[in-house]
Structures are given as C-alpha cells and as structure tokens.
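Asks: sequence? don't have it. structure:
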C-alpha cells in the first residue's frame, strides 16, 4: 500500500470524531488544575487559604495563554481555574474542539510547570455560547463561585487552626449558613468584606491601549504612539457592574 493510500486510510480514525464550533458562537475555554490540592499542599506548600505566589503563577499562566497566538478578549482566574473568552470570529484550527482543548491545556501545563519548577497539569473544555448575555452570565457564575470558595476556604482554615481535623471542619461547614460563616470569621478577627478583593472576586486580564511617548528621529519632535498591553485587574467590580465590565470588553471598550 502506498503512503498516500495508507495516510488517507488512517486519517479517518484520527478525524472521524472531529467537532467544530459553529460560526457566530462565542467560545470560552475553562482550564482547571489537575491534582492541584496535592501540588499546593505537599509538593509546593503554599500558604492557606490564599497565597500571593500561587496567584501570581496563575496570572503569568493566563498572560501566556493570551499571548499564545489566539485572539483572547478576556482572561479570568480564581483558585486553580482559568477562563478565556475568545473573539467571536476566532478561527484558529478551524475551530476544532480537540485542537483547542489540547493546545490550551498543553500551553497552560507547560507554562505553569516552568514557573513552579515541577510538573503541573491542566485540563481544558470549551463552552459554546450563543449570545453576549450568556457570556456575561458565564463570568458572573465564575465570580460567584470565587466568592463562595473564598468564604468557605477562610472558614475552613479557621476551624483547622482551631484544631479540627479536615473531616470535622468539612462536616461543620456543611451545617453553617452564609451568615454563620461570616460570624465564624468575625469571631476569629476576620471581616470578610475587608479581605483583598482578588480573594473574593478573582483576577481579570485584558488588553488595554495606552499612549507611549516617542521621538521622531528625523525631526527630533516628540510623538505619541498607541500601544497595547495586558492589564491585570485585582479589584474587579461585582454583580451588575461586573456584567457591564464584560459587555464593555465585548464591545471593544477599555473598562475604566
């Protein structure tokens, strides 16, 4: 059998289940760390419940993904997860899901591993969303999850620091309401509202334009050039203001 015939025969098995995202749909990639509980507890013992070093490693990974050749409008990270919103017209890899998922998971895993100096792994899945409002709802959902996780994490570690085992702390938290958890924190000298916003809301990254002063080498005159850079936002708005923040990004408006 000639190579061309063998290649055509075998390609069927590789591509038979290819699925592509339809034109006009927004794509959001969500990446999650695999086995990060062990990674951050045993391999790299970060501080609990939040560690700025881990946050910064996640931010650098998001920046890498925004710069890896795909048109990303917005990157968001909280805990060990990353969400990437692509331009609606993004056509890389012909919008093939298997290619997008594998490339993004590989890029994130490689970058994070290099930052930590040890092997780290992410998985990836693509959400296909038909309207701007559902895109807004997606990011509202992830930010609400960040808020819930922050409250639970701070409450959990208050109990652990009081001598509770992991099982005892988890069981006690299951019986507590949101108000009870806030009261628990208050009894330990923590006002949840005064914690850093990135604990509770996550971190957003997006392109912004700015004026860069320069010099015309021919005339010697001072000039202004428009440039783009990635902005890190550690004080994201919340609720309706966050919804408008996402809409502005989708409209090509730099949030203030």
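Replies: Looks like it arrived, so ask away. Bear in mind the structure is a predicted one, so any value in this text is a computation, not a measurement.
Asks: packing partners for the lengthiest helix in the chain?
Replies: Counting by DSSP state H, the longest helix found in the chain is helix 132-161. Judged by 3 or more Cβ pairs under 8 Å, 6 or more residues apart in numbering; DSSP states H and E, the packing partners of helix 132-161 are strand 26-34, strand 72-78, strand 81-86, strand 121-129, helix 166-174, helix 178-187, helix 197-201, helix 239-250. Every residue, glycine included, has its C-beta placed from N, CA and C.
Asks: buried set for the fourth one?
Replies: Meaning strand 121-129. 121, 122, 124, 126, 127, 129 (16 or more other Cβ atoms under 10 Å).
Asks: in the protein, where is pLDDT below threshold?
Replies: 16, 256 (pLDDT under 70).
Asks: give me that answer again for 90
Replies: Along the chain, segments meeting pLDDT under 90 span 1-18, 40-45, 209-228, 252-256.
Asks: contacts only, for the residue nearest the centre of it.
Replies: The chain has residue 82 as the residue nearest its centroid, 2.2 Å off, counting by Cα atoms, centre = their mean. Neighbouring residues of residue 82 by Cβ atoms under 8 Å, 6 or more residues apart in numbering: 29, 30, 31, 58, 61, 62, 65, 75, 76, 108, 122.
Asks: what distance do you get for the second one to residue 191?
Replies: This means residue 30. Noted for residue 30: a distance of 31 Å to residue 191, by Cβ to Cβ, to the nearest Å.
Asks: neighbour-wise, which of those two wins?
Replies: residue 30 (18 against 9; other Cβ atoms under 10 Å).
Asks: from what I can see residue 55 touches residue 198, true?
Replies: Yes. Using Cβ atoms under 8 Å, residue 55 makes contact with residue 198 at a distance of 6.5 Å.
Asks: what residues sit buried inside the helix or strand containing residue 105?
Replies: In this structure, residue 105 is located in helix 97-116 according to DSSP states H and E. Neighbour-count burial for helix 97-116, counted by 16+ other Cβ under 10 Å, picks out 97, 100-101, 103-105, 107-112, 115-116.
Asks: go on, stretch 182-192?
Replies: 182, 184, 185, 192.
Asks: kindly reformat the helices and strands packed on helix 132-161 as a markdown table containing distance to residue 152.
Replies: Formatted as a markdown table, the helices and strands packed on helix 132-161 follow (distance: least, Cβ to Cβ, whole Å):
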| stretch | distance to residue 152 |
| --- | --- |
| strand 26-34 | 17 |
| strand 72-78 | 13 |
| strand 81-86 | 15 |
| strand 121-129 | 22 |
| helix 166-174 | 6 |
| helix 178-187 | 7 |
| helix 197-201 | 11 |
| helix 239-250 | 20 |
